[in-house]
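Trainee: Predicted model and sequence below, questions to follow.
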Amino acid sequence: MIDIPERTVIPSVRHLKELETALTSTSPYVLLTNVHIGNLEALAKKCIDSGHKVLVHCDLIGGFKPDREGIRLLKNMFGVSGVLTQSAQVVSYAQKAGMFGILRVFIMDSRSLEKGIQILQEARPDGIEVLPGALADRYWDLFEPFEEKTTLIAGGMIVTEKERDHLFDRGYRAMTASSPGLWNLTR
């Protein structure tokens, strides 16, 4: 499980001009989603220097391969605390390197949902990000059994305070959001 306060909105920084706003958030984490291997070091350092831990979508880092050596590089060279990925193997690499492994489960259709639940029954991620967050409420009952052993996070397409609060009330401990308007709302 990830040590994160309940009802935390993790800023997901897609546009670098929004990083400064993200660094003023109350979240202990910042998710860097639009980075490449050339700017990751400077961005991670900026986050860490401001007192935030760094998460990355390792499948989306430009110029990066999320293999065992790549994951260790994220930890040792860039100070990354955790990775989000669709791969159970990459979650395992991250955990062995001393980072959090958050498995992303997409609700695109019934088949992708079935496959995601099947992978979760075999994997042991520190967190589960249910995407899109706009549908996470509807499928809470499928993810609730994992709540005892992992941190449940909703992510994607959450744009209003009402949606945010509803997901928290439903039981999601945290959420990722790329909308700066949600990053500093009072809980």
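Mentor: Structure received. Since we're looking at a predicted model, the values are computed, not measured.

Trainee: Chain neighbours aside, what residue packs nearest to residue 124?
Mentor: residue 149 (7.3 Å; CB to CB, 6 or more residues apart in numbering). In this view, the C-beta of every residue, glycine as well, is placed from N, C-alpha and C.

Trainee: what bits of this protein have low per-residue confidence?
Mentor: 185-187 (pLDDT under 70).

Trainee: Now do the SS call for residue 130.
Mentor: strand (DSSP: H, G, I helix; E, B strand; the rest coil).

Trainee: Settle this for me: it is touching residue 107, isn't it.
Mentor: Yes - Residue 130 lies in contact with residue 107 (CB atoms under 8 Å); the separation is 6.9 Å.

Trainee: list residues touching both of those two?
Mentor: Residues touching both residue 130 and residue 107 by CB atoms under 8 Å, 6 or more residues apart in numbering: 136, 139.

Trainee: So between those two, which is more surrounded?
Mentor: residue 130 (27 against 19; other CB atoms under 10 Å).

Trainee: Pairing partners for that one in the sheet, please.
Mentor: residue 105, residue 154 (DSSP bridges).

Trainee: Measure how buried residue 99 is and give me the count.
Mentor: Count around residue 99 with other CB under 10 Å applied: 24.

Trainee: where does it fall, phi/psi-wise?
Mentor: phi -120, psi 170 (degrees, to the nearest 10).

Trainee: tell me which residues in the lengthiest helix in the chain are buried?
Mentor: If you go by DSSP state H, the chain has its longest helix at helix 110-122. Neighbour-count burial for helix 110-122 flags 113, 116, 119-120 (criterion: 16 or more other CB atoms under 10 Å).

Trainee: Check the secondary structure at residue 175 for me.
Mentor: Residue 175 is classified as strand under three-state DSSP.

Trainee: can you put the buried residues of helix 110-122 in TSV and add distance to residue 78?
Mentor: As requested, the buried residues of helix 110-122 are arranged in TSV below (distance: CB to CB, whole Å):
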residue	distance to residue 78
113	33
116	28
119	27
120	27
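
Trainee: about what we covered before: ok so the residue nearest to residue 124 is a strand residue?
Mentor: No - using three-state DSSP, the assignment for residue 149 is coil, not a strand.

Trainee: Any idea how many residues pack against it?
Mentor: 11.

Trainee: same check, this time on residue 123
Mentor: For residue 123, using other CB under 10 Å, the count is 17.

Trainee: In contact with it, which residues are there?
Mentor: Contacts of residue 123 by CB under 8 Å, 6+ apart are 88, 91-92, 103.

Trainee: at 6 Å instead, please
Mentor: 88, 91, 103 (CB atoms under 6 Å, 6 or more residues apart in numbering).

Trainee: What residues are bridge-paired with the residue nearest to the spatial centre of the chain?
Mentor: For the chain, the residue nearest the mean C-alpha position is residue 84 (5.2 Å; CA atoms, centre = their mean). Beta bridges link residue 84 to residue 57, residue 102 when assigned by DSSP bridges.
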